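Asks: Structure, please.
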Amino acid sequence: MVTISSYQINQQGIDIYFTNNTYLPIALNDDTGQIFWRYKVNTITNVKHPCIYLGYSQVTQTHYVVHNHYKLFGTAGISSWKEFAANQEVYRGDRPCINNSVIRIQKALDHVIRQEEYSFANYNCQTLVN
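Replies: You can find the predicted model right below:
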C-alpha cells in the first residue's frame, strides 16, 4: 500500500509525496479546505459522512478529498471525489470552523500521514473533520 510521506502547500497548490517516490500536484480552488458530506451508505440512521476537499489535479483530471473510512483505508486517507461520493448526492457542510482552509488541509493531511487506526467510537469520519 502506497502511503503519504510528506506534503508541501504553496500559493498554487499542494504537492503530496508518496512512499514510492511519486508525487501528486493538486491545484487549490475556492472549495479547498471546505467540508462536504454525504449520507453513509447502508445505514438506517442517516449518519453524515464528511470529508475535507483538497482540490483538483490536472495530472489525473480528478478532484481529491480527505476522509476517514473504515472500509477503504482503515484510517484517514485521500480519495477521488467520485470514490468519496459512492454514487450518493454530496452536500456542502455548514458547520462553523475556526481554522482557515490552509490549516484545515494541513491538519487533514497530518491525519493521513499519522495513519491512526479507524475506530467507530474514538477515531471516525466525524473525528477527522472536527
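Asks: What are the boundaries of the helices in this structure?
Replies: 81-85, 101-114, 125-129 (DSSP state H).
Asks: Highest mean neighbour count out of those?
Replies: helix 125-129 (a mean of 19; mean count of other Cβ atoms under 10 Å). C-betas here are computed from N, CA, C, even on glycine.
Asks: Could you report the neighbour count for Thr62?
Replies: 15 (other Cβ atoms under 10 Å).
Asks: That one is in contact with Phe84, isn't it?
Replies: No: under the criterion of Cβ atoms under 8 Å, Thr62 makes no contact with Phe84, lying 11.1 Å away.
Asks: related to what we said a few turns ago, among the helices of the chain, which comes closest to Ile9?
Replies: helix 101-114 (6.0 Å; Cβ to Cβ).
Asks: Would you mind listing the outside residues contacting that closest one?
Replies: The contact list for helix 101-114, computed with Cβ atoms under 8 Å, 6 or more residues apart in numbering, reads 3-7, 9, 14, 16, 32-34, 52, 54, 66, 68, 75-78, 97, 99, 128.
Asks: among the residues you listed, which ones are buried?
Replies: 4, 7, 9, 14, 16, 32-34, 52, 54, 66, 68, 75-78, 128 (16 or more other Cβ atoms under 10 Å).
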